[in-house]
Each structure stands twice: as C-alpha cells, then as structure tokens.
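> sequence and predicted structure are below.
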Amino acid sequence: MDISVINSIQEQFNKNEAIYVSSSLSHRKSALDFALLHNFPSRKNEEYKYTPVDRILKKNFDFEKITTSKTTSIHFEDHFYKLKGNHLVFLNGKYLPARSELLNDACCQSATDSEQSFKDVFDALNVAFCEDSLNIEVSENYRPQPFFIYYFYDSEQGQVFGNPNIQITAHSNTHIQILEKTISTGIHPVFINKKVSVDVKANAEVNITKIQNYKKHVFQVYNLEVNQDTQSKFNSNVYSFAGGLIRNNLSINQLGEHCESHMHGLYLITGHTHVDNHTAVNHTQPHSYSNELYKGILDENSRAVFNGKIFVRPEAQKTNAFQSNQNINLSDEASIYTKPQLEIWADDVKCSHGCTVGQMDEEALFYLRARGIGKNQAKALILIAFAKQSLEYIPFEFVKEEIDTLIRKRLIG
C-alpha cells in the first residue's frame, strides 16, 4: 500500500481509538495491522485486473480528509418505504438502533465482535473501522416482517469512509426478505467498504435485493458471503445504475445437500460509472442447484466487469449449475470485460456457462420502425424488454415498479 495511504489510515485509526478499540475488541488492532501490510488491489491482482481499486481511490479519495462528524441534517424517516416492516438505519457505516423502527425487536441487535481471520484488505479494514454492526437473527419456524436497510451517507463536512457490517442468521424453517438501499448527501467523496455475512440453516430461505443508484463521487466495495445448509435457499438480486465505482463480491458456499441458489443482476450504466460483479458458487454436496443471470446495458464511457465462477467438488454429484452474462453495448467508448468460469471435479452433473456482448438488434429495430414506431422509442422498447427479465425474482412488487421506473427513465428520459 502506498506509504501516504498507510500513514493516513493509521492516523485516522489513532484519532478514534477510543471508539474502535476496547478490551473486548482489541482484535481490531490486528485487523489494522493486516490491512497495512496488504495493498489495495491493482491491475497486477488477477481478481481486480479490470478494476484497479488502488488507482481509482488514489485519484478520487483522500484518507487524510475523512470527517468523523456524527451529526446530520438528513430526515431518515422521509426515505423509509411506506410499508410494514423493520426499517434499519445506518449513518456513515454505523448502525443506529435508536433511529430504526423495529417490529421484530428480538431479531435485530448490535452485533458483538469475535476473533476472525481476514480474507483481504477490505475485510480487515471493515473489522478495524466498523463502529457498530448489526446482527439479524431469526429463530426457528418464524417468518418476520421484511427488513428494509437504509445506508445513509452525509459528506457535507468532508469525505466519508463508511464500514457497515451486518451478520444475518436464518435458523431452520425461516424465511427472511431484505431490501438494501443507499442514500447520500453532500459533495465530498464517499468510500463504502461494506461486509455482509449470511448463514442460512436447514430448510431456511433468505432473499436479498440491492438497489445501487449512487452519485458519481460514491465508491463502493461490497463483500457478501453466504453459507448454506441442507435444503436451504438463497436469492440475490442486485440492480446497479450509477456511481463512481461499484464492486460487488458475492461468495456462496453450499455446504449441505439439496441447496438452491439464485443470482440475478442488472447494470444499466452510462457516463463514467464503473460496475464490477464478481461471483463464486462452491458446490460441495450432492443434489445442489444454482442459477445465475446478469444482464448489462452500457452507454457513453461506462465500464462493466463480470467474473462468475462455479466450483463443483468431487462429492457434489447430481449438481445442476447454470450461468449466463448478457450485454448490450450502445457506445464505442463503453467497455465490458466478461469471464464466466466452470471448474468441475464430479462426473454426474449438468452445468453450463456463457456470455454475450453485442450491439442493438437491428432486425428487431427495423421490425418496430416498420410499424410506425419512432427510432428512439423502438430502441427503448427493445432495451426495456431485455432488462425486465432480471426483475422476475424480486419478492417486492413495489421494488419492481421502482426499478422499472429507473430503467424507463434511463432509456426513455
């Protein structure tokens, strides 16, 4: 890591040591030590070859200018969905139980930290700098109201380095629905280093839907790690529209038989937005299933990266695993880098993967124009039809409507 970045991160930690460190949380210091020994990923790192986080952050973010103010003029409730559920508030990475509205109080608590190893520099920084994390734990045979999680960032007074951390446990025979949304105010850069850990016990189901529509000075690295037990189900839906940098790391470990995983994503980006989706599904036991579909529409100078990995271990016989990445590039300046991967050690499986990158379908465009539809409207209709397939697995109808509105606004104006 660049020496100036090292010094800046160390200084920020030392300034707030009373917040970050106590007798029971001293492992945060070891997390910081780990982070300071490891660089932010550059192009030399294969996993970040097309998303050099070090260069992007050095150009746009300065750790020396981070604000530590906890005051804000944001009226949180104004941004709540007008629906019955648990409304959970984070401000600049810190969970605020006093500002949240809970129907299922027993399910949501400030999480206690435990000793752990660190996967990478982002994981370590999250442990070191997270002030107050959230634990969502649902007991057996219980179906709570949906969880609406709002991440607020206020950069009016300076740059913000936010490290939200959420731990989710769905015990046997439970069903959890989660919607995540980020709202930012202020003109200074924001770097979000988010970590979410999900433990899906036997016969449980967890559905997480994320809307990522950020300002151009918001940069995010999101690590989502999922462990699934026997006959469990996990669904991930992610919709990316704007931001300086959006990096989504999704890792799913199917640890029991008859697990089921669904991953759906859409990135509809323009300007200089950079979106990178990295996924990995690890099939370890027989009779498992995973289905992955990510779609992208790129315009102007936007850039997208997709790297999806499927691992089928020797014991994972009778596995069905499917992966697809489909892209439409509307601009000569836009770029898409896609790399679907399969690694199979079992012989009785059904697996497929593929990717497509192309321009607008001229035959479909001609068909619509021949029926009196204007060129711009015809293009929009084709792209809307292409994008809407990714909305089929959202559990909230009002979210489908919200995303559909975002799609139409982007494509039609």
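Received, thanks. Numbering: from 1, shown residues only.
> near the nearest residue to T230 once chain neighbours are set aside, how many other residues are there?
Take T230 and drop its neighbours on the chain: the residue closest to it by C-beta to C-beta, 6 or more residues apart in numbering is G256, 3.2 Å away. (C-beta placed from N, C-alpha, C; glycine too.) The number of residues packed near G256 is 21, by other C-beta atoms under 10 Å.
> kindly provide the distance from G256 to V200.
To V200, G256 is 9 Å away according to C-beta to C-beta, to the nearest Å.
> overlap of the contact sets of those two?
Common neighbours of G256 and V200 (criterion: C-beta atoms under 8 Å, 6 or more residues apart in numbering): Q228, D229, S232.
> counting neighbours, which of these comes out on top?
Within the shared contacts of G256 and V200, neighbour counts (other C-beta under 10 Å) peak at Q228, which reaches 30 neighbours.
> tell me the pLDDT at that residue?
Listed pLDDT for Q228 reads 98.
> ok, now which ones touch it?
Going by C-beta under 8 Å, 6+ apart, Q228 touches V200, F234, I252, N253, Q254, L255, G256, C259, S261.
> which among the residues you listed count as buried?
Among the contacts of Q228, the ones that count as buried by 16 or more other C-beta atoms under 10 Å are V200, F234, I252, N253, Q254, L255, G256, C259, S261.
> what strand or helix carries the last one?
Using DSSP states H and E, S261 sits within strand 260-269.
> which elements pack onto the helix or strand following that strand?
Remark: after strand 260-269, the chain's next helix or strand is strand 274-283, criterion DSSP H and E. If contacts are counted by 3 or more C-beta pairs under 8 Å, 6 or more residues apart in numbering; DSSP states H and E, strand 274-283 sits against strand 245-254, strand 260-269, strand 289-298, strand 303-312.
> now tabulate the ones you listed in TSV and tack on distance to N7 and mean pLDDT.
TSV is the format used below for the helices and strands packed on strand 274-283 (distance: least, C-beta to C-beta, whole Å; pLDDT from 0 to 100):
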stretch	distance to N7	mean pLDDT
strand 245-254	23	98
strand 260-269	34	96
strand 289-298	38	96
strand 303-312	30	96
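> helix, strand or coil for L406?
Secondary structure, DSSP: H, G, I helix; E, B strand; the rest coil: L406 is helix.
> repeat that for P41.
Per three-state DSSP, P41 ends up coil.
> in this protein, mark out all the helices, start to finish.
Per DSSP state H, the chain carries helices over the ranges 3-15, 17-20, 27-37, 53-60, 121-129, 362-369, 375-388, 397-412.
> quick one: those helices as a markdown table, columns for mean pLDDT, distance to H353 and mean neighbour count too.
Output for those, formatted as a markdown table (pLDDT from 0 to 100; distance: least, C-beta to C-beta, whole Å; neighbours: other C-beta atoms under 10 Å):
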| stretch | mean pLDDT | distance to H353 | mean neighbour count |
| --- | --- | --- | --- |
| helix 3-15 | 74 | 37 | 15 |
| helix 17-20 | 64 | 42 | 14 |
| helix 27-37 | 83 | 34 | 18 |
| helix 53-60 | 92 | 26 | 16 |
| helix 121-129 | 91 | 26 | 24 |
| helix 362-369 | 78 | 26 | 13 |
| helix 375-388 | 84 | 20 | 17 |
| helix 397-412 | 86 | 26 | 16 |
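> and of those, who's closest to R143?
Closest to R143 of the helices of the chain, according to C-beta to C-beta: helix 397-412, at 18.1 Å.
> report the distance from the closest one to the chain centre.
Distance, stretch centre to chain centre, for helix 397-412: 19 Å (C-alpha atoms, centre = their mean, to the nearest Å).
> list the helices and strands it packs on?
Counting contacts by 3+ C-beta pairs under 8 Å, 6+ apart, helix 397-412 packs against strand 205-213, strand 233-242, strand 260-269, helix 375-388.
> let's see 7 Å
For helix 397-412, the packing partners by 3 or more C-beta pairs under 7 Å, 6 or more residues apart in numbering; DSSP states H and E come out as strand 205-213, strand 233-242, helix 375-388.
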